[in-house]
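Chemist: need a 3D model of the sequence below.
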Amino acid sequence: MHEMSLMAGVFDIMEDILNQDEVQAVKQVRLVVGEMTNAEPEALQMAFAAYAKDTKAEGAVLEIVRAPVLARCRACRQEFPVSGLFFFCPHCGQSGLEIIQGEELLLESLEVE
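Modeler: So this is what the prediction gives:
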């Protein structure tokens, strides 16, 4: 379950915030998770609960926003959503694509008290 290691990275980023004296509690965490990470939202929720236990983030709501896979064709420069396993430009048919969204795991925001 690679979601545990992904969440470990999220908590590494959050550590400075959790350790600030003026922060009493984390109320909400918003993550943007790209479809290509293959991270399952339910497993991320379980990993979050495990890492949050006995911290200022315990009881916080984890909001997960899925980011679809978007690509840019290197030949015609058109951007388009990618569906399925085969990545071909729907405009010119070329296979030389650059993934511009869908691989990220981004801590977008924290709501603290």
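
Chemist: any weak-confidence spans in this protein?
Modeler: 1 (pLDDT under 70).

Chemist: would you map the strands across it?
Modeler: 26-34, 61-67, 70-73, 79-81, 97-101, 105-112 (DSSP state E).

Chemist: give the pairing partners of the first one; include direction for each.
Modeler: Read it as strand 26-34. Its sheet considered, strand 26-34 pairs with strand 61-67 (parallel), strand 105-112 (antiparallel) by DSSP bridges.

Chemist: residues in contact with it?
Modeler: With contacts defined as CB atoms under 8 Å, 6 or more residues apart in numbering, strand 26-34 is touched by 10, 14, 17-18, 39, 41, 44, 48, 52, 56-57, 60-67, 69, 101-113. Just so you know, the C-beta spots here come from the backbone N, C-alpha and C atoms, and that holds for glycine as well.

Chemist: if we go to 7 Å?
Modeler: Contact partners of strand 26-34, identified using CB atoms under 7 Å, 6 or more residues apart in numbering, comprise 10, 39, 44, 56-57, 60-67, 101-113.

Chemist: could you dump the strands paired with strand 26-34 into CSV with distance to residue 22 and mean neighbour count added?
Modeler: Listed next are the strands paired with strand 26-34 as CSV, based on distance: least, CB to CB, whole Å; neighbours: other CB atoms under 10 Å:
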stretch, distance to residue 22, mean neighbour count
strand 61-67, 21, 15
strand 105-112, 9, 14
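
Chemist: now the ones you listed as a markdown table including distance to residue 85?
Modeler: Output for these, formatted as a markdown table (distance: least, CB to CB, whole Å):
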| stretch | distance to residue 85 |
| --- | --- |
| strand 61-67 | 18 |
| strand 105-112 | 21 |
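
Chemist: nearest to residue 93, out of those?
Modeler: With CB to CB as the measure, strand 61-67 is the member of the strands paired with strand 26-34 nearest residue 93 (25.5 Å).

Chemist: residues making contact with that closest one?
Modeler: By CB under 7 Å, 6+ apart, strand 61-67 touches 27-35, 41, 44-45, 48, 101-102, 104.

Chemist: I'd like to know which of these are buried.
Modeler: Among the contacts of strand 61-67, those classed as buried by 16 or more other CB atoms under 10 Å are 29, 31-35, 44, 48, 101-102.
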